[in-house]
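Asker: Here is my input, please return the structure:
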Amino acid sequence: MSRMPVVSGRETVRALEKIGYVMDHQTGSHIILRHRDSPHRRLTVPDHRELAKGTLRSLIRQAGISVEGFRALL
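Answerer: Coordinates of the predicted model:
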C-alpha cells in the first residue's frame, strides 16, 4: 500500500475533474461533484487546506481509482 499524498480539497477536485467529475454545487465548506456520464455518481469533497488520509482514501475508493492512479492525476 502506497503512501497517501497530502493534498487540499481544491487539488482533489481538479484531479477528479480529469476523470469525468464536474462541480455541481458547494454547500458551506463541501464541494459536491457529479460524474458527467452518470449523474447518480456523486462525491462530496471537503474544501480544506489538507484532507485527512482516511477521507482522501475514501474519496479515491468511491471514484473507482487506485492511489497510484490518483497520484498520476495530480
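
Asker: Could you identify the longest helix within the protein?
Answerer: helix 53-63 (DSSP state H).

Asker: Now the element after it, going C-ward?
Answerer: Remark: after helix 53-63, the chain's next helix or strand is helix 67-73, criterion DSSP states H and E.

Asker: Next, the buried residues of that following helix.
Answerer: 67, 70, 71, 73 (16 or more other C-beta atoms under 10 Å). The C-beta positions use only the backbone N, C-alpha and C, and glycine is treated the same way.

Asker: what's the distance between the closest residue to residue 9 other than its chain neighbours and residue 64?
Answerer: In space, and not counting its chain neighbours, residue 9 is closest to residue 47: 4.2 Å by C-beta to C-beta, 6 or more residues apart in numbering. Residue 47 is 22 Å from residue 64, where distance means C-beta to C-beta, to the nearest Å.

Asker: Now the spatially most central residue of the chain: which helix or strand?
Answerer: Residue closest to the mean C-alpha point of the chain, counted by C-alpha atoms, centre = their mean, is residue 12 at 4.5 Å. Assigned by DSSP H and E, residue 12 belongs to helix 9-17.

Asker: Give me the buried positions along that helix.
Answerer: 9, 11, 12, 13, 15, 16.

Asker: Could you grab the helix/strand/coil label for residue 44?
Answerer: At residue 44 the chain is in strand, as set by DSSP: H, G, I helix; E, B strand; the rest coil.

Asker: What of residue 4?
Answerer: Relying on three-state DSSP, one would call residue 4 coil.

Asker: wait, what's in contact with the closest residue to residue 12 other than its chain neighbours?
Answerer: Closest residue in space to residue 12, ignoring its immediate chain neighbours: residue 45 at 5.4 Å, by C-beta to C-beta, 6+ apart. Residues near residue 45 by C-beta atoms under 8 Å, 6 or more residues apart in numbering: 9, 12, 13, 16, 30, 31, 33, 51, 59.
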